[in-house]
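Peer 1: Sequence plus the predicted model coming up.
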Amino acid sequence: MEKISALGFLLVISFLTTRHLACQGKTLQGNCLTVEREALLDFKNGLKGSNTRLSSWTGGNCCQWEGIGCENNTKVVISINLHNPYPFEEMSEKWRLMNLSGEIRASLLELKSLRYLDLSGNTFEGILIPNFFGSLKNLHYLNLSNGGFKGVVPPTLGNLSNLQFLDLSSKEFEESLFVKDLEWMTSLVSLKILKMNQVDFSMVGSQWMEALNKLPFLTELHLQYCTIPTSIGNFCNLKHLDVSGNGLKGSLPESLKDIKNCSSEGVLPELREFHLSWNKLTGRLPEWLSQLEKLTVLDLYDNKFQGPIPASFGTLRYMEYMSLAHNELNGSLPVSFGQLFELVELDVSWNRLTGIIFEQHFLKLSKLKVLWMEGNSVLVLNVSSTWIPPFQLRDLNMASCNLGPSFPTWLKFQKNLFYLDMSNANISGSIPNWFGNMSSLLDLSNNKLSGSIPPTIGESNLDFFFLFLSGNQITGEIPKSIGYMRELETIDLSNNSLTGSIPSSISNCSYLYILNLGQNNLSGAIPKSFGRLKWLHSLYLNKNKLSGELPLSFQKLSDLQILDLSYNSLSGDIPTWIGIAFPSLKVLKLRSNAFSGGLLFGLSNLTLLHILDLAENNLSGSIPSTLGDLTAMSPNEELSLLESRYIIGNENISITKAVDQDKLIVKAKNQDLEYAKFLPLVASIDLSNNNFTGEFPNQITKLKGLTFLNLSRNHINGSIPQTISMLHELQSLDLSCNNLCGTIPPSMSSLTFLSYLDLSNNNLSGMIPFTRQMTTFSDSMFAGNSLLCGRPLVAQCEDDDLDQGQGQSNVEDENDDGFIDQWFYLSIGLGFAVGILGPFFLLVIKKPWCDAYFRLVGKIVDKVL
């Protein structure tokens, strides 16, 4: 009987629901309202890319379509989730298949019960946010972040009184949304989470603070890079506050000047996360920050805070993440930090901290995973050699701190290290055998390490990705076991005293991106197996004792961008296949070897090359006209920075510090110039100290971005072309010790950036065009040309034509100057005479004017007296 009653009750409910929907004209078709199904199909038809992403949108049951959610009983649509889960930056095939664009049609208004709408991560190609979104009055959740929208945020969104979550954030550097006012936002009385990163607030003024303070349930506020005013305001109920990147100025108390209005005792009593990074805040860190008792995240990265770190910060018992990096803080690290037992990440790098770090600083930090202290050069770590840390770190960066003199033995207890940077840390002694177990990204460069690399380094850790040991005093051979670390992407063993041959086992590291073995004492031939390193981007073998020819297998290194084999004993012809095999080559340095033959390697194909150094070899023949086809040596070319970005596991790690791979020595101005940060701005050709013949290559003057040109110590003849003045960016020009003849082009004086010039020891003749930029060079730069005359040389020009030309210069310096001076003083005298005597003669000639003039003067005098 009870079962029958229950069944009858359900039938009645079903009947009433069906009748209610029918009376409203809403019929079910396959468990989906017909009007809503048609609205969704119309919405789909307005989208681009929907045929792939929304291929499931067929049939009558729209509740089973991808991204659609329905209410269980009534089957009305309550959610649309079409966000793109793949990051735009990767631009992968997966991202492309999931991407939507096009128009957003107003047919969505038929979804009367819609509570959840997520279109984030797509590319709607700069369209405006539809005004009709403000009519979706049942919305609780609206996410349009990184969706490609631009223009003004529609005030109609203020009609969404049930909205609890709103995210309108834009991608970095994307043309973003902006707001004209925020009065409409005061109607979002249910809002709890607001994210508007990269939205421009500059037109709002201080109104933004007043408007947001009227949202009674607001707990999270994200306003990164919004150009908001310099005061943060009163948000007493907030649990999450992020105003990073807004150029906030003044001291922290000034930026929170209205916080005193909180009804509760203390400031921001509910705050859990406080993000103020990338601003311009100054002054000392206030003690009241330690009163934020519930704080778990404090991010003050990259401001201008000064003074010591308050010891009271050690009382923040819930603190998990603290970043005080890139400020101007001084003093010692408080010992009280050892009491932050919940702390997971601590970053105090790049300040001016001093003093000694003891074991007590880490006393209760058992949860610590990330510790960054780099760039505090006076900070000293002083712990016992038997100390066993309470933590197991994942990332440790203490570069440029003082950790020596001995190798830190406590590191052998760190079993989970992924990133370890102890470069420039004053560590000496030999490398311990256990060090290969420590991390996957290891940097011990620029220390005083000695001895050999442990021969079993590759056997203990097969998951190495980066190995930096440059700038030490390491001896012995490169271990063959290094080839066991097949995941290696960077090997830098440069600037040591390594000997022996290069082990061919390195070619087993098939993902190798950068290999730097330069500045050692390595000998033998370059391994032929290097041709298997198909991902190789940069190869540095410079300043060794390598011999033999370039391996034919190098033709397979199609991604190579930097090849530096300078200062070795390599021989043979420069292979003709270089121009075809290396289409991405930007730097080619073969200086100081024994290469012979001519330049026959297809220069015209190397359109990205901007440093060519073949000096001090035995090259011969004429310099080909194709040298003018190196189009990267042009100011119109966008030369990309030599930055390496790596994908490791599921993390995207960008190595931003200036490692040796980003530095190159350019021989110019008779000295070695080191370039790192501005390397892409350098365009250099050095063919000096060879046996080149033939005339000066006129085509080279097409390279308008060329900064350094050295063709000295060859057998080049002919004249310097008049078009040399087209090289507007030229800073150094060395054509000395050749057989050049003819006159020096007067146009060279227009090369305003030219700071080094050497034309000595040629057969140049005639007058030196000693004007403008040419007046900055001494006589030694023109010596050895017996037929040259005129300043700065002692020899004066005697020919009539030359006298006339030289006379022009003399006129400018002597005769013209005297002539101009005479006219100058004469004009002053005439002007003075006319000014004084002119009115006098007028008054004498015109007696009525004279009477009127003196009557006026008389009246003025009477008034004054």
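Peer 2: Nice, I can see it.
Peer 1: Pull the contacting residues for the closest residue in space to L560 that isn't next to it in sequence.
Peer 2: Of all residues not flanking L560 in the chain, F582 sits nearest, at 5.1 Å (CB to CB, 6 or more residues apart in numbering). All C-beta atoms are positioned from the backbone trio N, CA, C, and that covers glycine. For F582, the contact set (CB atoms under 8 Å, 6 or more residues apart in numbering) comprises 557-558, 560, 563, 588, 606.
Peer 1: which non-adjacent residue is nearest T315?
Peer 2: Here the residue nearest T315, using CB to CB, 6+ apart, is S290, at 5.4 Å.
Peer 1: Quick one: neighbours of that neighbour, just the number.
Peer 2: A count of nearby residues for S290, using other CB atoms under 10 Å, gives 18.
Peer 1: C236 and K214, how far apart?
Peer 2: Look at C236 and K214: by CB to CB, to the nearest Å, they are 12 Å apart.
Peer 1: list the residues that contact both of the two?
Peer 2: Joint contacts of C236 and K214 (CB under 8 Å, 6+ apart) do not exist.
Peer 1: re the thing from before, out of the contacts of F582, the closest to T354 would be?
Peer 2: Relative to T354, the closest of these is L563; by CB to CB it sits at 44.1 Å.
Peer 1: Just the pLDDT for the closest one.
Peer 2: L563 carries a pLDDT value of 95.
Peer 1: Contact partners for it?
Peer 2: 539, 582, 585, 587-589.
Peer 1: quick revisit: my read is the residue nearest to T315 is in a helix, agree?
Peer 2: Yes - the assignment for S290 is a helix, going by DSSP: H, G, I helix; E, B strand; the rest coil.
Peer 1: on that earlier part again, and the buried ones among the contacts of F582, selectable in ChimeraX?
Peer 2: Selection command for ChimeraX covering only the buried members of those, criterion 16 or more other CB atoms under 10 Å:
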select :557,560,563,588,606
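Peer 1: biggest separation within the contacts of F582, which pair?
Peer 2: The most distant members of these, if one measures by CB to CB, are S558 and L588, lying 15.0 Å apart.
Peer 1: Walking through the stretch 451-600 of the chain, point out its strands one by one.
Peer 2: 466-468, 473-475, 490-492, 514-516, 523-524, 538-540, 545-548, 562-564, 569-573, 587-589, 594-597 (DSSP state E, counting those that start in this stretch).
Peer 1: what's the next helix or strand after the last one in contact with?
Peer 2: Same thing as strand 594-597. Later in the chain than strand 594-597, the nearest helix or strand by DSSP states H and E is strand 611-613. Strand 611-613 is contacted by residues 566, 586-591, 630, 664, 666-667, 682-687 when judged by CB under 8 Å, 6+ apart.
Peer 1: before we move on, the earlier item: can you redo the contacts of F582 as CSV with distance to N73?
Peer 2: Shown next, in CSV, are the contacts of F582 (distance: CB to CB, whole Å):
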residue, distance to N73
L557, 65
S558, 62
L560, 65
L563, 70
L588, 72
L606, 70
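Peer 1: Put the alpha carbons of stretch 378-397 into CSV.
Peer 2: Extracted as CSV, the C-alpha positions of stretch 378-397 are listed here (Å, rounded to 0.1, in the frame of the first residue of the first chain):
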residue,chain,number,x,y,z
VAL,A,378,77.5,39.2,2.7
LEU,A,379,75.2,36.6,4.1
VAL,A,380,77.1,33.7,5.7
LEU,A,381,75.8,30.2,6.3
ASN,A,382,77.5,28.7,9.4
VAL,A,383,76.2,25.3,10.4
SER,A,384,77.9,22.3,11.9
SER,A,385,79.4,19.7,9.5
THR,A,386,77.2,17.1,11.3
TRP,A,387,74.0,19.1,11.0
ILE,A,388,71.0,17.2,9.7
PRO,A,389,68.3,19.7,8.5
PRO,A,390,64.7,19.2,9.6
PHE,A,391,63.5,19.8,6.0
GLN,A,392,63.6,18.1,2.6
LEU,A,393,64.0,20.8,0.0
ARG,A,394,62.8,20.7,-3.6
ASP,A,395,64.4,24.0,-4.7
LEU,A,396,67.5,25.6,-3.1
ASN,A,397,69.1,28.8,-4.4
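Peer 1: residues contacting the residue nearest to T315?
Peer 2: Contacts of S290 (CB under 8 Å, 6+ apart): 310, 312-313, 315-316.
Peer 1: And those residues, which is closest to S113?
Peer 2: So of the contacts of S290, ranked by how close each gets to S113 (CB to CB), first place is L316, at 44.6 Å.
Peer 1: quick one: buried residues of stretch 35-44?
Peer 2: 35-37, 39-40, 43-44.
Peer 1: pLDDT averaged over it - what is it?
Peer 2: 94.
Peer 1: again, but for stretch 610-622
Peer 2: Mean per-residue pLDDT for stretch 610-622: 95.
Peer 1: and that stretch, how far out from the chain's middle?
Peer 2: 34 Å (CA atoms, centre = their mean, to the nearest Å).
Peer 1: With stretch 149-159 instead?
Peer 2: That offset, for stretch 149-159, works out to 32 Å (CA atoms, centre = their mean).
Peer 1: follow-up on the earlier one: export the buried residues of stretch 35-44 to CSV and append columns for distance to M748.
Peer 2: Below are those laid out as CSV (distance: CB to CB, whole Å):
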residue, distance to M748
V35, 80
E36, 78
R37, 78
A39, 74
L40, 73
F43, 68
K44, 68
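Peer 1: thinking again about what came up before, sort out for me which of the contacts of S290 are in helices.
Peer 2: Residues of the contacts of S290 located in helices (DSSP state H): none.
Peer 1: most surrounded residue in these?
Peer 2: For those, neighbours tallied by other CB under 10 Å; top is L316, 24 neighbours.
Peer 1: Find the nearest non-adjacent residue to it, please.
Peer 2: L295 (5.5 Å).
Peer 1: Isn't I127 up against E103?
Peer 2: Yes - with contact defined as CB atoms under 8 Å, I127 reaches E103; the gap is 6.8 Å.
Peer 1: SS state for M748?
Peer 2: M748 is classified as helix under three-state DSSP.
Peer 1: Give me the pLDDT value at it.
Peer 2: 92.
Peer 1: Count the residues that sit near it.
Peer 2: M748 has 23 nearby residues by other CB under 10 Å.
Peer 1: Could you pull up the contacting residues of it?
Peer 2: 720, 724-725, 754, 769, 773-774.
Peer 1: Could you do D629 as well?
Peer 2: 603-604, 607, 699.
Peer 1: swap in G331?
Peer 2: So G331 contacts 307-309, 353-355 (CB under 8 Å, 6+ apart).
Peer 1: 6 Å instead?
Peer 2: P308 (CB atoms under 6 Å, 6 or more residues apart in numbering).
Peer 1: Give me the buried positions along stretch 399-414.
Peer 2: Buried, per 16+ other CB under 10 Å, within stretch 399-414: 399-404, 407-408, 411, 414.
Peer 1: With stretch 689-698 instead?
Peer 2: 689-690, 692, 696-698.
Peer 1: if we can go back for a sec, could you identify the most distant pair in the contacts of L563?
Peer 2: Farthest apart among the contacts of L563 - using CB to CB - are F582 and K589, which lie 13.0 Å from each other.
Peer 1: What is the burial count for the nearest residue to Q796 once chain neighbours are set aside?
Peer 2: Leaving aside its chain neighbours, Q796 sits nearest to C789 (5.9 Å; criterion: CB to CB, 6+ apart). C789 has 20 neighbours, counted by other CB under 10 Å.
Peer 1: swap in I474?
Peer 2: 23.
Peer 1: How about the one 10 residues further on?
Peer 2: Counted by other CB under 10 Å, the residues lying close to Y484 total 19.
Peer 1: What residues does it make contact with?
Peer 2: Neighbours of Y484 in contact, by CB under 6 Å, 6+ apart: G458.
Peer 1: Could you check the pLDDT of it?
Peer 2: 90.
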